[in-house]
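> make a model of this:
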Amino acid sequence: MSLDFKIIPSIDLRNGQCVRLIQGDFELTTRYDQDPLEIALKYQAEGAEFLHLVDLDGALTESPSQRSFIQNMVNKTKLRVQVGGGIRTVDQAKFYFDAGVDRIVLGSLAVQDPFATSQIIELFGPNRITLAFDFRDINGEIRPTAFAWKTDVALSPKELFGLYKEWEDLEFLCTDILQDGRLQGIRRDFYQELLASSGHNRIVVSGGAASRADIDLARSMGLRGIILGKALLEKRISLQEALC
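All right, here's what the predicted structure looks like:
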């Protein structure tokens, strides 16, 4: 597997517990008994380099809500951790970087406030920022959402990517809401459209990955990496299999 292609295990956090949503719907939440830190350490032992943490409480409240919990996870692993969920200010970003986080993930802010997002990118550097775009199918067209997937945004993918075209080191975490949490595989046509709209391949796949075939598809399309969340938790695929 290309060294440039990232396999990124993901843990979604709500009230300090590991959970998964279906299609971004907080009413469709599955809770897992495992301790999030134990899960992270298991992924580390199995060869993971990266870990994607999502503060779902922060996504709902629009402000990081589990900072001390996440800081403890960062301190007790050797993983390169990226964190998203409610990060909207320079001070919030600085807290996570000071805590040892490798990257921060900006979602709603990147969709709703390009100016504030650009300030954070300039201050900390594009190679430490991931922009998260969550897309929904609306009347046959792909459109971004914001604020924990509750608000649809009247921008095309091309317009949204175009807001950040000056930074060539930025990564984009793009979630297919239709597939998210369903374990039904990733959609080739969805990511083909995003590749065409963005004009680059710095896109990490999120939503629906359930097998080695999804990993191989994402890699064959030239994408940057893939998020594995529910598939690992429910043992649809092992991390060792994903990494080999």
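> so who does Ala209 touch?
Ala209 makes contacts with Gly185, Ile186, Ile215, Ala218, Ile226, Ile227, Leu228, Gly229, Ala231, as judged by Cβ atoms under 8 Å, 6 or more residues apart in numbering. To be clear about C-beta, it is placed using only N, CA and C from the backbone, and glycine gets the same treatment.
> other SSEs contacting the helix or strand hosting the last one?
The one in question is Ala231. For Ala231, the enclosing helix or strand under DSSP states H and E is helix 230-233. Contact here means 3 or more Cβ pairs under 8 Å, 6 or more residues apart in numbering; DSSP states H and E; on that basis helix 230-233 packs against strand 17-22.
> CA atoms only: put the following helix or strand past the strand it packs on into CSV for me.
Note on strand 17-22: by DSSP H and E, the next helix or strand toward the C-terminus is strand 25-32. What follows is the C-alpha trace of strand 25-32 in CSV, where atoms were taken according to Å, rounded to 0.1, in the frame of the first residue of the first chain:
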residue,chain,number,x,y,z
ASP,A,25,-28.6,11.3,13.2
PHE,A,26,-28.1,11.7,17.0
GLU,A,27,-31.4,9.8,17.5
LEU,A,28,-29.8,6.7,15.8
THR,A,29,-26.9,6.3,18.2
THR,A,30,-25.1,3.0,19.0
ARG,A,31,-23.1,3.0,22.3
TYR,A,32,-20.2,0.6,22.8
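> ok, strand 25-32: who's next to it in the sheet?
Next to strand 25-32 in the sheet, as set by DSSP bridges, lie strand 17-22 (antiparallel).
> in the partner strand, what's buried?
When neighbours are counted by 16 or more other Cβ atoms under 10 Å, the buried residues of strand 17-22 are found to be Cys18, Val19, Arg20, Leu21, Ile22.
> where in the chain is pLDDT low?
Along the chain, segments meeting pLDDT under 70 span 1-3.
> is the residue nearest the centre of the chain in a bridge, and if so with what?
Among the residues of the chain, Leu173 comes closest to the average C-alpha position under Cα atoms, centre = their mean, at 5.0 Å. Under DSSP bridges, the beta-bridge partners of Leu173 are Ala132, Val204.
> begin at 852, not 1, for the rest of this chat.
Okay, using 852 as the starting number, the last item reads as Leu1024.
> wait, it sits on Gly1058?
No - checked against Cβ atoms under 8 Å, the pair Leu1024 and Gly1058 is beyond contact range at 10.0 Å.
> list the residues that contact both of the two?
Contacts common to Leu1024 and Gly1058, judged by Cβ under 8 Å, 6+ apart, are Ile1078.
> which residue of this structure sits farthest from its center?
In the chain, by Cα atoms, centre = their mean, Asn990 is the one farthest from centre (24.9 Å).
> and the gap between that one and Ser914?
33 Å (Cβ to Cβ, to the nearest Å).
> also Gly1073?
Gly1073 is 36 Å from Ser914, by Cβ to Cβ.
> repeat that for Leu1014.
When Cβ to Cβ is applied, the distance between Leu1014 and Ser914 equals 23 Å.
> what do you get for Glu897?
Note on Glu897: its distance to Ser914, by Cβ to Cβ, is 33 Å.
> specify the beta-bridge partners of the closest residue to Thr1002 other than its chain neighbours.
With sequence-adjacent residues excluded and distances taken as Cβ to Cβ, 6 or more residues apart in numbering, Thr1002 is closest to Thr996, at 6.2 Å. According to DSSP bridges, Asp985, Asp1003 are recorded as the beta-bridge partners of Thr996.
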